[in-house]
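Chemist: I would like the atomic coordinates for the input below:
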Amino acid sequence: MEFYGKGHLRSLFEEERRNMHFTRSLSFSNDQNVTEPRESPFVSPKASSVSAASILLSPMSPETPWKLSPMHASATPSLLYHCLASLHRYEGNVFSIAISRDFIFTSSKRSRIHTWRRPDCAEVGHIKASSPDVRAILAHGRILFTTHGDCKVRVWDVSVTQKFRPKKITTLPQSKSFFLFPKKSSNQHKDYISCLAYNHGEKLLYTGSWDKSVKVWNISEKRCVDSFMAHEDHVNAIVINQQDGCVFTCSSDGAVKIWRRVYGESSHILTMTLIFQLSPVNALALSSSPRSCFLYSGSSDGLINFWEKEKTSGRFSHCGYLQGHHFAVLCLATIHELILSGSEDATVRVWRREEGNCSHSCLAVMDGHRGPVRCLAASLETEGLLVYSASLDRSFKVWRVKLLTPEKPEKEELVVANDQQTEIEEFEMSPVLSPSWVKKKIQANHFQ
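Modeler: Residues are numbered from 1 along each chain as shown. Got it, this is the predicted structure:
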């Protein structure tokens with residue numbers, strides 16, 4: 001993580017303007033013949049729609065919708081951010097984002113999983129699956145897990161080669177045919193698989209579904225080793241503590257649950273249920289280090305509840321909640337002491353946890369989307385923190401975040417603890433929601 005002194009603020013702005021470029025053309029889709037008008041080069045710091053075509057080193061496709069925006073200072077002097085690039089996805093909303101050491105993967109309602117090279121976001125190709133509706137994807141090493149509309153999981157080898165040629169390893173559950181007619185497996189989910197988590201040490205893949213169940217797959221043996229009803233409504237997220245193997249799940253039933261695998265067996269038992277709100281819980285994130293472990297949950301009431309693992313008992317105690325988003329929190333991501341949250345209010349917020357205590361401060365409110373932010377991912381690069389966000393306005397954005405020398409913010413959104421009500425001072429924020437989205441929101445539920 002990089003930190004910069006306040007004295008370097010002006011030079012950082014100039015440096016970022018000089019360095020805003022990509023190495024090659026980018027396009028999400030070649031299926032539709034869509035072109036966008038060429039826009040004028042960057043002239044003023046207030047401009048936010050400079051065309052990437054004017055600064056690319058090599059020729060780009062006329063279909064490429066990448067755009068650059070100027071750098072912004074956050075509401076506090078502790079952080080700088082700007083949108084490196086933004087594109088509009090003509091083939092639909094991005095359902096999920098996954099990051100490996102070498103690639104960025106994005107999925108949508110179609111059967112293609114688009115692949116981009118890190119960190120320059122150059123398009124390297126796509127993965128073509130036989131089933132569309134790719135709701136969740138997860139990358140680990142050279143392996144990519146994808147879920148599909150046929151309620152199955154596909155496992156891909158995405159090793160780095162001279163040409164990007166992914167290879168499908170297996171499908172879970174494996175199809176069993178009888179006289180060439182496919183037979184549905186009893187281990188198959190009955191509804192969409194909404195989330196994935198992977199236990200690195202045990203090589204166990206966890207899948208959560210709208211059928212309210214969680215299934216556990218042994219990747220080496222390519223079979224389901226456990227299945228249990230986890231919640232009373234859709235399972236929306238799963239995270240795993242890689243240090244002790246604890247499994248955390250959340251659901252639209254408003255509960256966050258902690259599960260443990262029985263020693264020497266494949267079955268799992270419920271160890272604790274965390275319920276602090278009636279609103280559906282949409283997202284989970286774990287911030288773990290040798291010294292501390294925090295669990296964060298984002299819910300439809302706009303709050304981010306968090307728990308700390310007690311060092312003596314190992315239980316998770318509720319420490320409070322973060323308040324700032326105007327509408328539902330749909331996604332979360334963590335890197336070290338930073339927490340990123342995406343919301344239905346079309347913004348991404350960057351929070352920082354103070355070392356040694358449970359105090360949090362909101363460092364920035366990144367607004368650029370015109371619809372609810374559905375998914376987030378983040379990675380540490382040599383040039384700082386890169387944040388990837390996708391919205392239901394069909395846009396996908398890449399942000400660069402730089403931290404200045406840590407100091408107490410002039411304005412911060414304070415945590416509301418359990419035992420006392422603390423006055424909350426919010427940032428001024430006016431997210432611009434697309435009128436078409438607002439109309440659809442009134443008519444139906446578009447998170448599904």
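Chemist: quick one: Asp233 and Cys250 touch, right?
Modeler: No: counting by CB atoms under 8 Å, Asp233 does not reach Cys250; the two are 10.3 Å apart. The C-beta positions use only the backbone N, C-alpha and C, and glycine is treated the same way.
Chemist: neighbour-wise, which of the two wins?
Modeler: Using other CB atoms under 10 Å, the more surrounded residue of Asp233 and Cys250 is Cys250, with 29 against 14.
Chemist: Pull up the gap between the closest residue to Lys128 other than its chain neighbours and Thr249, please.
Modeler: Closest residue in space to Lys128, ignoring its immediate chain neighbours: Arg112 at 5.9 Å, by CB to CB, 6 or more residues apart in numbering. As judged by CB to CB, to the nearest Å, Arg112 and Thr249 stand 29 Å apart.
Chemist: swap in Leu284?
Modeler: Counting by CB to CB, the gap from Leu284 to Thr249 is 8 Å.
Chemist: Residues that sit against both of those two, list them.
Modeler: The contact sets of Leu284 and Thr249 overlap at Ala237, Ile238, Val256 (CB atoms under 8 Å, 6 or more residues apart in numbering).
Chemist: Now the phi/psi pair for the residue nearest to Lys128, please.
Modeler: phi -100, psi 130 (degrees, to the nearest 10).
Chemist: One more: Pro132?
Modeler: phi -90, psi -160.
Chemist: what's the closest non-adjacent residue to it?
Modeler: Per CB to CB, 6+ apart, closest to Pro132 is Ser111, 4.1 Å.
Chemist: That neighbour touches Thr146, doesn't it?
Modeler: No: Ser111 is beyond contact range of Thr146, at 9.8 Å (criterion: CB under 8 Å).
Chemist: With neighbour numbers in mind, choose between these two.
Modeler: Shown here are Ser111 and Thr146; by other CB under 10 Å, Thr146 has more neighbours (27 against 18).
Chemist: Is that one in contact with Arg154, as I believe?
Modeler: Yes: using CB under 8 Å, Thr146 is in contact with Arg154, at 5.0 Å.
Chemist: which element is Lys215 on?
Modeler: Secondary structure assignment for Lys215, by DSSP states H and E: strand 213-218.
Chemist: Relative to that strand, what are the paired strands and their orientations?
Modeler: Counting by DSSP bridges, the strands paired with strand 213-218 are strand 204-209 (antiparallel), strand 223-229 (antiparallel).
Chemist: Go ahead and produce PDB holding the CA coordinates of it.
Modeler: What follows is strand 213-218, C-alpha atoms only, in PDB (Å, rounded to 0.1, in the frame of the first residue of the first chain):
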ATOM      1  CA  SER A 213     -28.700 -24.500   0.200                       C
ATOM      2  CA  VAL A 214     -25.000 -24.700   0.400                       C
ATOM      3  CA  LYS A 215     -23.000 -27.500  -1.300                       C
ATOM      4  CA  VAL A 216     -19.400 -28.400  -0.800                       C
ATOM      5  CA  TRP A 217     -17.300 -29.900  -3.700                       C
ATOM      6  CA  ASN A 218     -14.000 -31.700  -3.500                       C
END
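Chemist: sorry, back to before: common neighbours of Ser111 and Thr146, please.
Modeler: Ala129, Val134.
Chemist: before we move on, back to that, mind checking which of Leu284 and Thr249 has more residues around it?
Modeler: Per other CB under 10 Å, whichever of Leu284 and Thr249 has more neighbours is Thr249, with 24 against 21.
Chemist: From what I see, that one and Lys215 are in contact.
Modeler: No: applying CB under 8 Å, one finds Thr249 not in contact with Lys215, separated by 11.8 Å.
Chemist: Per-residue confidence, Phe186, what does it come out as?
Modeler: Just to correct that, residue 186 is Ser rather than Phe. For Ser186, the model assigns a pLDDT of 78.
Chemist: Near it, how many other residues are there?
Modeler: Neighbours of Ser186 (other CB under 10 Å): 8.
Chemist: Check Gly92 too.
Modeler: The tally of other residues near Gly92 (other CB under 10 Å) stands at 13.
Chemist: List the contacts of it.
Modeler: Gly92 touches Ser108, Lys109, Arg110, Arg394, counting by CB under 8 Å, 6+ apart.
Chemist: Reformat these as TSV; add neighbour count, secondary structure and distance to Met366.
Modeler: Written out in TSV, the entries for the contacts of Gly92 read as follows (neighbours: other CB atoms under 10 Å; DSSP: H, G, I helix; E, B strand; the rest coil; distance: CB to CB, whole Å):
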residue	neighbour count	secondary structure	distance to Met366
Ser108	24	strand	22
Lys109	14	coil	26
Arg110	19	coil	27
Arg394	20	coil	18
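Chemist: and which of those residues is nearest Ser313?
Modeler: Of all the contacts of Gly92, Ser313 sits closest to Ser108, with 43.6 Å by CB to CB.
Chemist: now that closest one, which residues is it bridged with?
Modeler: Beta-bridge partners of Ser108, counted by DSSP bridges, are Val94.
Chemist: separation between it and Arg374?
Modeler: 11 Å.
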